[in-house]
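Novice: here's my sequence, what's the structure:
(one chain, ligands or ions: 1)
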Amino acid sequence: MNTLSPLTELKGIGEKTEKLFAKVGVTNVGELLSYYPRTYETYGEIQKPDAVTDGMTAALYGQFQGPLAVKRVKNMQIVSGVFESDAQKIRITWYNMPYLRSTVRAGVPYVLWGKAAKKNRQLVLEQPAVFSFEEYHRMRQHLKPVYPLTEGLSAKTIEKAVRQALESLPFFKETLPPAIRSKYHLAEYHFALEQIHFPENREQMLLARRRLVFDEFYLFILALRQLKQVNERNPQRFQIQKIPLTDQIIANLSFSLTGAQKKVWQEIERDMTGDYLMSRLIQGDVGSGKTILAFLALFLAAGNGWQGCLMVPTEVLAVQHMEAIQKQICEQKLPFYAELLTGSMTAKQKREACGRIVSGESQIIIGTHAVFQEKIQYKNLALVITDEQHRFGVRQRESLSEKGDMPHVMVMSATPIPRTLAVILYGDLDISVVNELPANRLPVKNCVVDTSYRPKAYRFIEKQVKMGHQAYIICPMVEESEQIEAEDVISYTEKLRSTLPQDITVSYLHGKMKPAKKNEIMEAFVKNEIQVLVSTTVIEVGVNVPNASVMMIENAERFGLAQLHQLRGRVGRGDAQSYCILCYGKDGEKTKKRLEILNKSNDGFYIANEDLRLRGPGDLFGIRQSGELAFRIGDVFQDAAILQEANDAANDTLQDPSYPEGKDYAILRQNLEKYMYKDLCNLNL
Ligand SMILES: Nc1ncnc2c1ncn2[C@@H]1O[C@H](COP(=O)(O)OP(=O)(O)OP(=O)(O)O)[C@@H](O)[C@H]1O
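Specialist: Numbers count the residues shown, from 1 in each chain. Have a look, this model is predicted:
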């Protein structure tokens, strides 16, 4: 067996389980080993009964007052007893475990660990595990891996498979060059793999994790440098000239560009009319006005007789951009035809669109992934812009590039990464920053509240709607779930419909809806036919409805701060004062502290840094900054220091005259090749 062996070579894995693993992206033994735990379960500190709340998993220290009782109810044997801890009496119950009566004795100190409930004000522990004090202390060192699961694939199955894979594989060859491993004090690869899955204790797990995060960043940086070298060798062949038309368009806009927009536009124009291909990242906070820069670049290409294409992550966004660009084309009577290309178009519509694209009749193409499907041929593609670039793999970007004669590439992102990190992460791109918001913006007013504030919030929304504005309400879930206690879009909408006056239209939006339905709802919201939109985070990226003035986020504690900032960015996009209501469910105090950061500031960069500071280096498994920069194990914010080290190491490597041919680099070379072909395309950067 080796890392490329199929999973069916492991005992107990048949075709059915193999398919389940494939669903989570694991198709061979090597991939199984890098299917890292999402977090680890630990046994917490021993608590005083007073501090234990309903639903909490708790450890209590004490003694049983008398022998346990056994009772038969129908087919079940119920063992129960009264446990005294810190002078409080706690009712303990076990089901079908009669042997406990002879093993658990009165007057002997134990630690009981299990889920607590409050019944008639009395604390109850059901099915707790029983430990001696020393045993419990030992268990506290122990970390149990928690894997990301999918329906049908249990934690036990994954754990068993990983254990087998670790045992059956011969000792793994070290993947890093020895000089790098010793200079950066990194654990051995084999040790790291074992300890990340089944750590002996927290310290070992941290050592393992550091090593694996380092590997991931180091390979990524080397791969990016390789891409950059490839790109740099490409002079452009489009002969794009500056044209008066773009200045005219700027002059005729309904607003004047901010200083930052002007500066970035100059950078784009200089790139596109220069000698070499553009590869530029346009970074700017939510609502900073990146879209118009993309449109200007498309107009510059079209004005020079070339095609340009804007690729976005959702249909809703594609439609929105299409409408906005058509508005410009109409209002300013521009001689261009813009084409929309999305997955939900009918075969006939697509065929016709493709015809206009290949003939060159359409100069501007806006769409989702559909824009780079194999069938689509461009006449003369000179510019590719990806919006919210982290939603696309680097390879996907390349495959679109391949359709043209190596076009200019521009990438737009609202992810607030500090510049030092951005330089490393986007090593293959030049960076422009739109670091100024349009002058007409009033900062969003925020409040952090618990659920008791809801009636007030609804009255406030009602008032805003009466003033002609609109509101978003975000819920984390689509439908009600038994396992997760959080608000869901569907029941919330129903509740709200009966709470708000009849003349306010409330609708919902979520990712599981058909694209056409989503577009329909979004369009109705844009036209203010819907006043309150209850939605999941599908609206997080780029949606622009300047008339919306309230963003209310339910279960705000379930989102990362950067994501909350993105969501809040959907309001405050016009002249009106806007409001963000962050409503938290459980875990009040801890949550409140985190949310206060958002309350204090509307600046994405500040928020990302504060989030990092607040979490601190020890908190490795806090809420991930979901949706962005999805590495397998590394987190660019949290592991910023490792990222820096990996960057230094990549520099060392590239400067070594024996790289890449030297024998120390043999395995690295292989891995890099694999990485360039596989992981880079799946990495959502
Ligand atoms: N200089 C400006 N003055 C006034 N309004 C502007 C200016 N530039 C852009 N806008 C308007 O601001 C709103 C937000 O701009 P845009 O959609 O481009 O933001 P963005 O940078 O793409 O943000 P996000 O990342 O949140 O999508 C739009 O309605 C746009 O028309």
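
Novice: mind listing the helices for the stretch 451-600 of the chain?
Specialist: Secondary structure of the stretch 451-600 of the chain by DSSP state H, counting those that start in this stretch: the helices cover 454-466, 489-499, 515-526, 561-568, 588-600.

Novice: get me the contact residues on this protein for the ligand.
Specialist: By CB under 6 Å from any ligand atom, the residues of the chain that approach the ligand are 255, 257-258, 261, 284, 286-292, 414, 438, 440, 542, 544, 546, 569, 573. No exception for glycine: its C-beta is placed from N, CA and C like everyone else's.

Novice: what about 8 Å?
Specialist: The chain comes close to the ligand at residues 253-258, 261, 284-293, 324, 387-388, 412, 414, 434, 438-441, 541-544, 546, 566, 569-570, 573-574, as judged by CB under 8 Å from any ligand atom.

Novice: just the buried members of those residues?
Specialist: Buried by 16 or more other CB atoms under 10 Å: 257-258, 261, 284-293, 324, 387-388, 412, 414, 434, 438, 441, 541-544, 546, 566, 569-570, 573-574, out of the residues of the chain next to the ligand.

Novice: of the residues of the chain next to the ligand, which belong to strands?
Specialist: Gly284, Met412, Val434 (DSSP state E).

Novice: can you redo the residues you listed as CSV with pLDDT?
Specialist: Converted to CSV, those look like this (pLDDT from 0 to 100):
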residue, pLDDT
Gly284, 88
Met412, 88
Val434, 92
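
Novice: of those, closest to Phe191?
Specialist: Closest approach to Phe191 among those (CB to CB): Met412, at 41.5 Å.

Novice: pLDDT averaged over stretch 235-245 - what is it?
Specialist: Stretch 235-245 shows a mean pLDDT of 89 in the predicted model.

Novice: I'd say Asp289 and Pro438 touch.
Specialist: I think there's a mix-up here, since residue 289 is Gly and not Asp. Yes - in this structure, Gly289 is within contact of Pro438 by CB atoms under 8 Å, at 5.9 Å.

Novice: who touches both of those two?
Specialist: Taking CB atoms under 8 Å, 6 or more residues apart in numbering as the criterion, Gly289 and Pro438 both touch Thr258.

Novice: what residues of stretch 299-315 count as buried?
Specialist: 299-304, 306-315.

Novice: now intersect those residues with the helices, please.
Specialist: If you go by DSSP state H, the buried residues of stretch 299-315 have Phe299, Leu300, Ala301, Ala302, Gly303, Glu315 in helices.

Novice: if I look at the fourth one, how far off is the ligand?
Specialist: Just to be clear, that refers to Ala302. Distance from Ala302 to the ligand, counting by CB to the nearest ligand atom, to the nearest Å: 19 Å.

Novice: correct me if wrong: that residue contacts Leu296.
Specialist: No - with contact defined as CB under 8 Å, Ala302 does not count as touching Leu296 (10.6 Å).

Novice: just say which of the helices of the stretch 451-600 of the chain is most tucked in.
Specialist: Among the helices of the stretch 451-600 of the chain, the stretch with the highest mean neighbour count (mean count of other CB atoms under 10 Å) is helix 561-568, at a mean of 25.

Novice: so what does it touch, helix or strand wise?
Specialist: strand 548-553, helix 588-600, helix 604-615 (3 or more CB pairs under 8 Å, 6 or more residues apart in numbering; DSSP states H and E).

Novice: any chance of these in a markdown table, plus mean pLDDT?
Specialist: A markdown table is the format used below for those (pLDDT from 0 to 100):
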| stretch | mean pLDDT |
| --- | --- |
| strand 548-553 | 96 |
| helix 588-600 | 78 |
| helix 604-615 | 72 |
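
Novice: need those in JSON lines with distance to Phe133, can you?
Specialist: JSON lines is the format used below for these (distance: least, CB to CB, whole Å):
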{"stretch": "strand 548-553", "distance to Phe133": "44"}
{"stretch": "helix 588-600", "distance to Phe133": "28"}
{"stretch": "helix 604-615", "distance to Phe133": "32"}
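
Novice: of all those, which one comes closest to Phe21?
Specialist: helix 604-615 (31.4 Å).

Novice: relative to Ser658, which of the buried residues of stretch 299-315 is nearest.
Specialist: Met311 (40.2 Å).

Novice: what's the spacing between that closest one and the ligand?
Specialist: Per CB to the nearest ligand atom, Met311 is found 14 Å from the ligand.

Novice: what do you get for Gln349?
Specialist: Distance, Gln349 to the ligand, by CB to the nearest ligand atom: 26 Å.

Novice: that residue belongs to a strand?
Specialist: No - using DSSP: H, G, I helix; E, B strand; the rest coil, the assignment for Gln349 is helix, not a strand.

Novice: neighbours of it, how many?
Specialist: Gln349: 13 surrounding residues under other CB atoms under 10 Å.

Novice: and the one 10 residues further on, by the same measure?
Specialist: Using other CB under 10 Å, Ser359 is surrounded by 10 other residues.

Novice: any idea what sits nearest it, other than its immediate chain neighbours?
Specialist: With CB to CB, 6 or more residues apart in numbering as the criterion, Ser359 has its nearest non-adjacent residue at 6.5 Å, and that residue is Lys379.

Novice: could you do Lys23 as well?
Specialist: Distances taken as CB to CB, 6+ apart place Thr150 nearest to Lys23, at 5.1 Å, with adjacent residues excluded.

Novice: do you know the pLDDT at that neighbour?
Specialist: In this model, Thr150 is scored at 81, pLDDT.

Novice: Asn380 versus that one, what's the distance?
Specialist: Using CB to CB, to the nearest Å, Thr150 is found at 44 Å from Asn380.

Novice: which one is Ile325 nearest to, not counting chain neighbours?
Specialist: Ala338 (5.2 Å).

Novice: this completes my enquiry, with thanks.
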